[in-house]
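K.L.:
Any chance you could fold what I've pasted below:
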Amino acid sequence: MTEAKFIIAYLIATHGPKTVTLSHPAVKKQVQNLRDFARAEEIPAPLRWVSDHSRRVIGIDSLPKLKQVLETGTSLIMDDLSRLFRGCPSEAERLALLRDLEPHGYQLVGLRQGKNLGNLSNSQIALLASGQLDPRYRYAASSKTTRNVEDGIAQIKAAKIASLRARRQAADSKAQELQTIRDALQTQSSRVTNKMIAERANEQGLRTTRGGLWRADTVAWSAPIGWSGLIVSASLAAGPMERSFLARVGDSLMRCAA
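P.N.:
Have a look, this model is predicted:
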């Protein structure tokens, strides 16, 4: 006899009791949405419930049941993919979780999104991870083809802001990495060039925000007179329309317009 197939339905609780049941206050709405979906679509396969409880999500290791399922290559469905990011205490943790989930994007399907994570656009992903979507999502059969009005409004207001924040954080992170290399080189040489920094960064396996190798012309912009410090290329980090750089003023790094 062939074993009955099932669909894995994933639930996440970020508050309440640590033992997650289908009546847990943090997942009751998720359960209702997924059951409504199964009934509306007349899904013949039963739902197999998998859940995690984490008050503070700092990466996929904070969600061991989810990690276990994804590592088997199995797909799963959630009512709303944005729930994964609501337990992240800051933007840094949201970006870390997004990086962890990226290799498994096509395994994660969200009812609210109407597709899997791997098929979302950059702006949709930025909105997803921004924490700005209204958590009071309710599944409706019409949501398969028509974007929820609430989500459309949030998209306009939040997607650009969230995307810009993510790119700026990436730029700052790269600047800090290269600044560390510059400081180390200055202990060995009285004159440190952009080429020297690029070569050392590549030797250490560091890459630009686009995954490329560093070159002298992409390592730094010149700071204003009287300032010193490493400047990460804004065209790589934030896009040509948002050119900015980091410069050291005293003991602090400040963002300046290019």
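K.L.:
Show me how far the helix or strand encompassing residue 94 is from its chain's centre.
P.N.:
Secondary structure assigned from DSSP states H and E places residue 94 in helix 91-101. On the basis of Cα atoms, centre = their mean, to the nearest Å, helix 91-101 sits 4 Å off its chain's mean C-alpha point.
K.L.:
Show me what counts as buried in that helix.
P.N.:
For helix 91-101, the neighbour count (16 or more other Cβ atoms under 10 Å) marks 91, 93-98, 100-101 as buried. No exception for glycine: its C-beta is placed from N, CA and C like everyone else's.
K.L.:
just for the protein, where's the confidence low?
P.N.:
1-4, 141-167, 220-258 (pLDDT under 70).
K.L.:
do that again at 90, thanks
P.N.:
1-7, 38-46, 73-74, 90-92, 95, 105, 113-115, 118-198, 201-202, 204-258 (pLDDT under 90).
K.L.:
per the record, what domains does it have?
P.N.:
Taking automatic domain parsing as the reference, the chain has its domains at 7-146, 167-257.
K.L.:
in the stretch 51-200 of the chain, which spans are strands?
P.N.:
Taking DSSP state E, counting those that start in this stretch as the test, the strands found in the stretch 51-200 of the chain are 76-78, 108-110, 115-116.
K.L.:
Just to check, residue 54 is in contact with residue 86?
P.N.:
No. Applying Cβ atoms under 8 Å, one finds residue 54 not in contact with residue 86, separated by 10.5 Å.
K.L.:
Common neighbours of these two, please.
P.N.:
Shared contacts of residue 54 and residue 86, defined by Cβ atoms under 8 Å, 6 or more residues apart in numbering, comprise residue 14.
K.L.:
and these two? which has more neighbours close in?
P.N.:
residue 54 (19 against 15; other Cβ atoms under 10 Å).
K.L.:
For that one, which non-adjacent residue is closest in space?
P.N.:
residue 62 (4.6 Å; Cβ to Cβ, 6 or more residues apart in numbering).
K.L.:
which residues sit in contact with the one you found?
P.N.:
52, 54, 56, 87, 97.
K.L.:
Next, find the distance separating residue 212 from residue 41.
P.N.:
For residue 212, the distance to residue 41 equals 43 Å [Cβ to Cβ, to the nearest Å].
K.L.:
same thing with residue 31?
P.N.:
From residue 31 over to residue 41 (counting by Cβ to Cβ), the distance is 16 Å.
K.L.:
ok, these two, which is more surrounded?
P.N.:
Taking other Cβ under 10 Å, residue 31 and residue 41 do not tie; residue 31 has more neighbours (19 against 10).
K.L.:
Quick check: nearest residue in space to the more buried one, chain neighbours excluded?
P.N.:
Nearest one to residue 31, counting by Cβ to Cβ, 6+ apart, is residue 22 at 5.1 Å.
K.L.:
just residue 100 next, same as before
P.N.:
Residue 100 sits nearest to residue 60 (Cβ to Cβ, 6+ apart), 3.7 Å away.
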